[in-house]
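Undergrad: compute the structure for the input listed below.
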Amino acid sequence: MTQFFDINNRTKLRELLLSLDPQATPVWGKMTPQQMIEHLVDQVEWTNGKKIPFCERPADEAYQSKMRMVYSDAEIGRNVVFNSLPEHYQYPDIPTAVDQLMNELEVFDRYFEQPGITAIHGGFGPMDHHEWLIWHGKHFTHHLKQFGIIE
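TA: Numbering: from 1, shown residues only. Reported below is the predicted structural model:
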């Protein structure tokens, strides 16, 4: 089974992200290191109650996609582009963006302390805490590999 990064290992995650050179060139894609971190901040905000997501697919199609992508060893493909990259950074530097990501992950943990709570994934529909841990692990792994900070 493929090993994905455990987003509960926040000490290691912080260490890896802070090791990024702001000028690092990605192995693939066009993101800068800071854009990648800010992208992760944004994505976690959709799963911690700060932003209200909706599913863009019919329920049965979303469920099948979730089964295929969350409950498998499938990795996220390279060069997947959903939106254009922002022109400006939201945070002044990488350490500040990393701090914000860690804060959003703490809010994520608290959000899922509520029994039976789910958060909607745009392509997979409602997902519980366990499913989000898997998906965030895959997503974070994808971007950590993008910058060569894990293999």
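
Undergrad: may I see the buried residues of the host helix or strand of residue 101?
TA: Assigned by DSSP states H and E, residue 101 belongs to helix 94-111. Residues of helix 94-111 classed as buried by neighbour count (16 or more other C-beta atoms under 10 Å): 94, 97, 98, 100, 101, 102, 104, 105, 108, 111. All C-beta spots, glycine's among them, are computed from the backbone N, C-alpha and C.

Undergrad: how about stretch 106-125?
TA: So stretch 106-125, judged by 16+ other C-beta under 10 Å, has buried residues 108, 111, 112, 119, 120, 121, 124, 125.

Undergrad: skip ahead from the helix or strand harbouring residue 14 and say which helix or strand is next.
TA: Counting by DSSP H and E, the element that carries residue 14 is helix 10-18. Downstream of helix 10-18, the first helix or strand assigned by DSSP H and E is helix 33-45.

Undergrad: could you tell me the angle between that following helix and helix 10-18?
TA: 140 degrees (axes from the mean of the first three to the mean of the last three C-alpha atoms, to 10 degrees).

Undergrad: so for helix 33-45, what's the average pLDDT?
TA: The average pLDDT for helix 33-45 rounds to 97.

Undergrad: next: stretch 144-151.
TA: On average, stretch 144-151 scores 94.

Undergrad: kindly report the same for stretch 76-88.
TA: On average, stretch 76-88 scores 79.

Undergrad: quick one: residues in contact with it.
TA: 28, 29, 30, 31, 35, 38, 138, 139, 142, 146 (C-beta atoms under 8 Å, 6 or more residues apart in numbering).

Undergrad: the fourth one contacts residue 39, doesn't it?
TA: Put plainly, it is residue 31. Yes: applying C-beta atoms under 8 Å, one finds residue 31 in contact with residue 39, separated by 6.9 Å.

Undergrad: show me the common contact partners of these two, please.
TA: The contact lists of residue 31 and residue 39 share residue 143, where a contact means C-beta under 8 Å, 6+ apart.

Undergrad: could the buried residues of stretch 106-125 go into a markdown table alongside pLDDT and distance to residue 47?
TA: Below are the buried residues of stretch 106-125 laid out as a markdown table (pLDDT from 0 to 100; distance: C-beta to C-beta, whole Å):
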| residue | pLDDT | distance to residue 47 |
| --- | --- | --- |
| 108 | 98 | 6 |
| 111 | 97 | 8 |
| 112 | 97 | 9 |
| 119 | 97 | 4 |
| 120 | 97 | 9 |
| 121 | 96 | 8 |
| 124 | 97 | 11 |
| 125 | 97 | 13 |
